[in-house]
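Novice: got a predicted structure here, sequence first:
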Amino acid sequence: MNAVPARGVAMSDPLDKATSKAPPTLGEGCVRRYDPDALGDEDGTDFPDAAELWRQLQEQQERTPGQE
């Protein structure tokens, strides 16, 4: 089945634009990790409200004992 171009734009594979790629990694196996020098704001590595979220989750867990 051939894809029909949208508004006259020819695309070789319409799913090419629907994919994402992982940042480069360092190491292998259990020590494999993302290369910190290759990460940036567009990779979503910054979460300034993490401490506040953690505090809220801990308070919520304290209010509902016995539930996991």
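Specialist: Noted; the coordinates are in hand. All figures in this text were calculated on a predicted structure; none of them were measured in a lab.

Novice: what segments of this protein are strands?
Specialist: Along the chain, counting by DSSP state E, strands occupy 25-26, 33-34.

Novice: partner strands of the last one, with direction?
Specialist: Think strand 33-34. Using DSSP bridges, strand 33-34 pairs in its sheet with strand 25-26 (antiparallel).

Novice: out of the strands of the chain, which comes closest to residue 64?
Specialist: strand 33-34 (34.7 Å; C-beta to C-beta). To be clear about C-beta, it is placed using only N, CA and C from the backbone, and glycine gets the same treatment.

Novice: contacts for the closest one?
Specialist: 22, 23, 24, 25, 26, 27 (C-beta atoms under 8 Å, 6 or more residues apart in numbering).

Novice: does the fourth one touch residue 35 like I think?
Specialist: Yes - counting by C-beta atoms under 8 Å, a contact exists between residue 25 and residue 35, whose distance comes to 6.2 Å.

Novice: which one, of the strands of the chain, ends up nearest to residue 56?
Specialist: Judging the strands of the chain by C-beta to C-beta, what sits closest to residue 56 is strand 33-34, at 27.1 Å.

Novice: quick one: mean pLDDT over the closest one.
Specialist: Taken as a whole, strand 33-34 has an average pLDDT of 92.

Novice: per-residue pLDDT, residue 42?
Specialist: Confidence score, pLDDT, at residue 42: 77.

Novice: quick one: low-confidence ranges for the chain?
Specialist: Scanning the chain with the threshold set as pLDDT under 70 gives 1-11, 14-16, 18-19, 45, 65-68.

Novice: scan the contacts of strand 33-34 and report the most crowded one.
Specialist: Counting neighbours by other C-beta atoms under 10 Å, residue 23 comes out on top of those with 14 neighbours.

Novice: how close does it get to residue 48?
Specialist: Noted for residue 23: a distance of 20 Å to residue 48, by C-beta to C-beta, to the nearest Å.

Novice: just residue 12 next, same as before
Specialist: Taking C-beta to C-beta, one finds residue 12 at 40 Å from residue 48.

Novice: same thing with residue 32?
Specialist: Counting by C-beta to C-beta - residue 32 and residue 48 are separated by 27 Å.

Novice: likewise residue 21?
Specialist: For residue 21 relative to residue 48 (C-beta to C-beta), the value is 25 Å.
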